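whatever this is, show me its structure:
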Amino acid sequence: MAATLAGLLPDHVFALLGTTRRRAAAEGIDDAYERIDYGLTAMLRDVAVACGSLPRFTYLSAIGADERSGNKYVAVRGRMERELREGPLPWLVAQPAFVSGSDRDDSRPMERFYAITLDAALGALALVGLGRVREAYGSLTGEQLGRGLVTLALADRHGRARADVRAIRRAGAAA
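Predicted structure coming up:
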């Protein structure tokens with residue numbers, strides 16, 4: 001990986017790494033969020049720092065990321081966000097809520113259930129004038145997320161920014 005990035009000298013690196021508890025258990029991986037979601041992302045970040053081009057590091061985090069959380073998924077993302085803020089790379093941190101829809105490569109029935117339930121509740125709030133809440137917390141499809149990430153990442157090569165659901169959705173719609 002280090003040799004590849006050093007040879008390419010990229011302007012952008014996208015860190016979209018993660019696993020599920022079910023997949024990690026099936027593959028016998030202990031402490032999956034630490035080893036995969038954090039560990040592989042940290043390795044990619046370190047290689048990006050060392051490659052010589054200081055690429056903008058686009059990191060797929062999560063809404064509510066907080067390293068002090070008791071939820072390991074949220075905690076490792078919060079830690080990575082802090083390390084990016086403290087490091088030398090320009091970065092974009094995307095914090096979507098649920099990523100759901102028929103365009104997902106793997107089946108995540110509980111995540112899909114929660115996304116549908118949350119979107120229905122947010123839709124009801126929109127009917128009573130609270131549409132901004134739906135915009136801030138509603139789920140995104142993989143296509144919306146992808147378009148939004150690419151658009152936001154390429155818009156500013158040297159910046160450091162966090163993108164919430166609204167920013168990702170707007171950027172994806174503009175692409």
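
once you drop chain neighbours, what's closest to the most centrally placed residue in the chain?
Among the residues of the chain, the one closest to the centroid is Leu60, at 1.7 Å (CA atoms, centre = their mean). Nearest residue to Leu60, sequence neighbours excluded (CB to CB, 6 or more residues apart in numbering): Leu16, at 4.6 Å. (Each C-beta comes from the backbone N, C-alpha and C, glycine too.)

so that neighbour sits right up against Leu44, yeah?
No - contact status for Leu16 versus Leu44: not in contact, 9.9 Å apart, counting by CB atoms under 8 Å.

the more surrounded of these two?
Of the pair Leu16 and Leu44, Leu44 is the one with more neighbours under other CB atoms under 10 Å, namely 19 against 13.

name the element the more buried one belongs to?
Using DSSP states H and E, Leu44 maps to helix 39-50.

need the pLDDT of the residue nearest to the centre of the chain.
We note a pLDDT of 96 for Leu60 in this prediction.

next: Ala124.
pLDDT, Ala124: 56.

still on that earlier bit, which ones are touching the residue nearest to the centre of the chain?
Applying CB atoms under 8 Å, 6 or more residues apart in numbering to Leu60 gives the contacts 14-18, 94, 96, 145, 149.

dihedrals phi and psi, it?
With angles defined as degrees, to the nearest 10, Leu60 sits at phi -90, psi 100.

how close does it sit to Leu149?
For Leu60, the distance to Leu149 (CB to CB, to the nearest Å) stands at 7 Å.

find residues that contact each of those two.
Common contact partners of Leu60 and Leu149 (CB under 8 Å, 6+ apart): 14, 16, 94.

alright, calling it a day.
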